[in-house]
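Enquirer: Generate a structure from the sequence data that follows.
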Amino acid sequence: MTAPRKTRLADTLRAELSDIIRRQMRDPRFTACLLSITDVALTPDLKYATVYFSILGDESARQDVYKALKGAAGLLRAELSRTKAFKSVPELHFRYDESIERGAQLLDLIQKANKADDIKRDAVEHADPAES
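Expert: Next up, the predicted model:
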């Protein structure tokens, strides 16, 4: 399978899953948090899909959503089969996507480093030349 086709299928799967979860799933664990399907990785034979998700919430909310997604995998797969986007729908496996969290942590570190640099620069610029 060519890479562009596999990418298109993964993107379609991500969009369809997001839509099904948003419109059809009534589980309060999905509606209580902001759930996003961030990425889908397909195996070369298209039989398995790793679905990456992200939520706003703490560790317990993350675990609850993971359990809900894992429990709803069969239903989600059945709903995907009704969309006619796939000849056969891959088996779904869910994994929490930590990249957003890591990105926020890195952004925080960068901002702290920039602030420290600004403080040092101000101290050097306003230092009394006679003290040197």
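
Enquirer: Please make it C-alpha for all contacts and neighbour counts, starting now.
Expert: Fine.

Enquirer: contacts for the least confident helix or strand in the chain by mean pLDDT?
Expert: Here the helix or strand of the chain ranked lowest by mean pLDDT, DSSP states H and E is helix 28-31, holding a mean of 72. Identification of contacts with helix 28-31 by CA atoms under 8 Å, 6 or more residues apart in numbering yields 21, 61, 64, 65, 68.

Enquirer: Rank those by pLDDT and give me only the lowest.
Expert: Ranked by pLDDT, the contacts of helix 28-31 bottom out at residue 61, which scores 85.

Enquirer: Tell me, how many residues neighbour that residue?
Expert: The local packing of residue 61 (other CA atoms under 10 Å) involves 16 other residues.

Enquirer: Quick check: it vs residue 29, distance?
Expert: Using CA to CA, to the nearest Å, one obtains 8 Å as the distance from residue 61 to residue 29.

Enquirer: Ok, residue 92 next?
Expert: Counting by CA to CA, the gap from residue 92 to residue 29 is 19 Å.

Enquirer: what helix or strand is residue 95 on?
Expert: strand 91-96 (DSSP states H and E).

Enquirer: Closest one of the contacts of helix 28-31 to residue 121?
Expert: residue 61 (42.8 Å; CA to CA).

Enquirer: ranges for the helices of this protein?
Expert: Secondary structure of the chain (DSSP state H): helices at 3-24, 28-31, 59-71, 73-82, 99-125.

Enquirer: what comes up buried for the fourth one?
Expert: Neighbour counts over helix 73-82 (16 or more other CA atoms under 10 Å) mark 73, 76, 77, 79, 80 as buried.

Enquirer: Name all residues that make contact with residue 33.
Expert: 55, 56, 57, 61.

Enquirer: hmm, try it at 10 Å
Expert: Residues in contact with residue 33 (CA atoms under 10 Å, 6 or more residues apart in numbering) are 54, 55, 56, 57, 58, 61, 62, 65.

Enquirer: Output those residues as a markdown table; include the columns distance to residue 107.
Expert: Below are the contacts of residue 33 laid out as a markdown table (distance: CA to CA, whole Å):
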| residue | distance to residue 107 |
| --- | --- |
| 54 | 18 |
| 55 | 18 |
| 56 | 17 |
| 57 | 19 |
| 58 | 20 |
| 61 | 24 |
| 62 | 22 |
| 65 | 26 |
